[in-house]
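**Student:** A predicted structure for the sequence below; I have some questions about it.
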Amino acid sequence: MRLTAEQQAFYREQGFIHLPGFLTPGEAAAYRTEVHAIAATTAARDATWSSVKGGTQLTHCHDVQFRSAAFTRLLVDDRLTGVARDIIGPNVQLHHTKMFVKPPEKGSPFPMHQDFPYFPHRDHSMIAVIFHFDDAPDAKGCLRVYPGSHKRGPLPFEGSDHHLSEAEFPLGGALPIEAKAGDAIFFSYLLAHGSGLNVSEEPRTTLLVQLRDPADPPLKEGHGSRGQGMMLVGVDPTAGQFAFAWESKAA
Ligand SMILES: O=C(O)CCC(=O)C(=O)O
């Protein structure tokens, strides 16, 4: 799958693109089963932001391709790498993966934020891809974005959770991107985004994959993950000699 010139122009202007039917309903259902199987193990934990009060929950696990081979295959799926190439360029490198299940009636919201402050990069090549494995209407806490906000570059944030000012970026004022099972949403790590509470009777199940250009260096260390640096398409023109895993403390 590749983006048309029109879709690429939309992404450049708006900072995101919603691609309905990216996965088939059967694929989405199979991935959903995998995510819920991981959620039922001790690998998953609650990832509700410290600033979110009120007894909500967010079931979360990093590095899902180390839990289930289904996600390894998804990472190199031509549909994902094709669209990622149209946004990032010919070389696309994995940064990290994480799954989220927002449980029914109490699935935590994500306050508005940019991803930039968590893992800043020099050229801002970093993108996120959210795969929806079940329907995500507004009542389930679908993604909300401020279209075009990526053009403002890194924005001032508040507190250790790096959230944006609620006065300037109220969650309720952001555009809801209601999604169906199988949809994917690609967006810049500079886009102001968040999502609401799941008040519905069903879980909201997603996978988030973060990708970058290998030639775009991180401005700070500290957001490593298993598998980080894997080339998903193209080559890493910066690659020198690797240390063996047992030689590196970070490995
Ligand atoms: O899954 C969502 O609703 C938002 C996820 C998100 O913003 C993030 O992980 O940075």
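**Tutor:** Yep, it's here.
**Student:** give me the element the residue positioned nearest the centre of the chain is part of.
**Tutor:** Compute the mean C-alpha point of the chain, and by Cα atoms, centre = their mean the closest residue is residue 208, 3.3 Å away. For residue 208, the element it lies in under DSSP states H and E is strand 204-212.
**Student:** Off-centre distance for that strand?
**Tutor:** 4 Å (Cα atoms, centre = their mean, to the nearest Å).
**Student:** Next, the buried residues of the following helix or strand past that strand.
**Tutor:** From strand 204-212 onward toward the C-terminus, using DSSP H and E, the following helix or strand is strand 231-233. Going by neighbour count (16 or more other Cβ atoms under 10 Å), the buried part of strand 231-233 is 232, 233. Bear in mind the C-beta positions are built from the backbone N, C-alpha and C, glycine included.
**Student:** Name the nearest residue to residue 49, ignoring sequence neighbours.
**Tutor:** Of all residues not flanking residue 49 in the chain, residue 161 sits nearest, at 5.2 Å (Cβ to Cβ, 6 or more residues apart in numbering).
**Student:** That neighbour and residue 111, how far apart?
**Tutor:** From residue 161 over to residue 111 the distance is 7 Å, taken as Cβ to Cβ, to the nearest Å.
**Student:** count of residues packed around the residue in the chain that the ligand sits nearest to?
**Tutor:** Closest residue of the chain to the ligand, Cβ to the nearest ligand atom: residue 195 (3.1 Å). One way to gauge burial is a neighbour count; for residue 195, by other Cβ atoms under 10 Å, it gives 28.
**Student:** how about the strands of the stretch 1-150 of the chain, start to end?
**Tutor:** If you assign secondary structure with DSSP state E, counting those that start in this stretch, the strands in the stretch 1-150 of the chain sit at 16-19, 45-46, 59-62, 92-102, 110-113, 127-132, 143-145.
**Student:** Can you redo those as JSON lines, where the extra columns are mean pLDDT and distance to the ligand?
**Tutor:** JSON lines is the format used below for the strands of the stretch 1-150 of the chain (pLDDT from 0 to 100; distance: least, Cβ to the nearest ligand atom, whole Å):
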{"stretch": "strand 16-19", "mean pLDDT": "98", "distance to the ligand": "12"}
{"stretch": "strand 45-46", "mean pLDDT": "84", "distance to the ligand": "14"}
{"stretch": "strand 59-62", "mean pLDDT": "93", "distance to the ligand": "9"}
{"stretch": "strand 92-102", "mean pLDDT": "97", "distance to the ligand": "5"}
{"stretch": "strand 110-113", "mean pLDDT": "94", "distance to the ligand": "4"}
{"stretch": "strand 127-132", "mean pLDDT": "98", "distance to the ligand": "6"}
{"stretch": "strand 143-145", "mean pLDDT": "98", "distance to the ligand": "5"}
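**Student:** sorry, back to before: partner residues bridging the residue of the chain closest to the ligand?
**Tutor:** Beta bridges link residue 195 to residue 110, residue 143 when assigned by DSSP bridges.
**Student:** Next one: it, what pLDDT does it get?
**Tutor:** We note a pLDDT of 97 for residue 195 in this prediction.
**Student:** List the contacts of it.
**Tutor:** Shown here is residue 195, whose contacts under the criterion Cβ atoms under 8 Å, 6 or more residues apart in numbering are 109, 110, 141, 142, 143, 144, 171.
**Student:** Save the residues you listed as TSV, and put in neighbour count too.
**Tutor:** What follows is these, written out as TSV (neighbours: other Cβ atoms under 10 Å):
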residue	neighbour count
109	20
110	22
141	26
142	23
143	27
144	23
171	19
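**Student:** Go through those and name the one nearest residue 234.
**Tutor:** Using Cβ to Cβ, residue 143 comes nearest to residue 234 of the contacts of residue 195, at 27.5 Å.
**Student:** What is the burial count for residue 199?
**Tutor:** Here the number of neighbours of residue 199 (other Cβ under 10 Å) works out to 14.
**Student:** I figured it hits residue 139, correct?
**Tutor:** Yes: with contacts defined as Cβ atoms under 8 Å, residue 199 counts as touching residue 139 at a distance of 5.6 Å.
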